[in-house]
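**Student:** The sequence and its predicted three-dimensional model are supplied below.
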Amino acid sequence: MATRPKDLRLRREADIRALFRSGRTLSEPPFKVFFRPTDRPHPRYGVQVSRRTAKKAVTRNRIRRRAREAFRGPLAASARGVDMMVLAGPEAATLPWDQMVARCLRLLAQLETRLDAPAETRAGGSPERRTGERSGEGTR
C-alpha cells in the first residue's frame with residue numbers, strides 16, 4: 001500500500017474538531033462516519049480506531065489499514081469535496097474483506113445521497129416546521 005498524499009488526509013486538529021462539532025453522521029456497522037461538505041475539489045478522510053475497539057495496537061493498526069484501503073478506491077473516484085472521519089467498531093477486526101468493502105460502498109452511496117439532498121431535507125425537516133419549533137409555536 002502506498003502512502004496517501006497529504007492533501008487527501010484529514011490531519012489538522014482544527015479540521016477534525018470542526019468535523020465532529022458540526023458534521024453529520026452515517027452508520028453501517030462496524031463503521032460510523034462523520035462527514036461535512038467542503039469546497040475542496042477532492043475528498044479528505046481519516047480512520048480512527050479506539051482502544052475500546054481493540055486492546056492490542058497490532059489489532060487496531062490492522063483495522064485502520066484495512067478500513068483505509070476499503071475506502072480509498074471508491075473515494076478516489078469521487079470528485080466531491082467532503083471531509084470524513086471513519087470510526088471503526090470491534091466487529092471490523094473479524095469482518096471478511098469482501099463484506100468490509102461492501103459496507104464501505106453502502107456508506108459511500110448513503111453519503112452521496114445525503115450530499116445531493118436539498119438543504120431543507122438535510123437539516124431535518126421542512127423549513128416551516130423548524131421555524132415554528134424555534135418560535136415556540138408548537139403543539140406542546
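**Tutor:** Good, I have the coordinates.

**Student:** Could you check how far the nearest residue to Leu115 once chain neighbours are set aside is from Arg106?
**Tutor:** Sequence neighbours aside, Pro37 is the residue nearest to Leu115 in space, at 6.0 Å (criterion: C-beta to C-beta, 6 or more residues apart in numbering). C-beta: built from backbone N, CA, C; applies to glycine. Distance from Pro37 to Arg106, counting by C-beta to C-beta, to the nearest Å: 20 Å.

**Student:** again, but for Glu91
**Tutor:** Remark: distance between Glu91 and Arg106 (C-beta to C-beta) = 15 Å.

**Student:** same check, this time on Arg44
**Tutor:** To Arg106, Arg44 is 21 Å away according to C-beta to C-beta.

**Student:** which residues of this protein fall in helices?
**Tutor:** 13-22, 57-77, 97-116, 119-123, 127-134 (DSSP state H).

**Student:** Looking at the fourth one now, give me its mean pLDDT.
**Tutor:** The average pLDDT within helix 119-123 is 51.

**Student:** picking up where we left off before, just checking, the residue nearest to Leu115 touches Ala117?
**Tutor:** No. Look at Pro37 against Ala117 with C-beta atoms under 8 Å: they stay out of range, at 11.0 Å.

**Student:** ok, the two, which is more surrounded?
**Tutor:** In terms of neighbours (other C-beta atoms under 10 Å), Pro37 is the more surrounded of Pro37 and Ala117; the figures are 15 against 11.

**Student:** Next, the contact list for the residue nearest the centre of the chain, please.
**Tutor:** Central residue of the chain (C-alpha atoms, centre = their mean): Val33, 2.6 Å from the mean position. Applying C-beta atoms under 8 Å, 6 or more residues apart in numbering, one finds that Val33 lies in contact with Thr25, Leu26, Ser27, Met84, Met85, Val86, Leu87, Leu107, Leu111.
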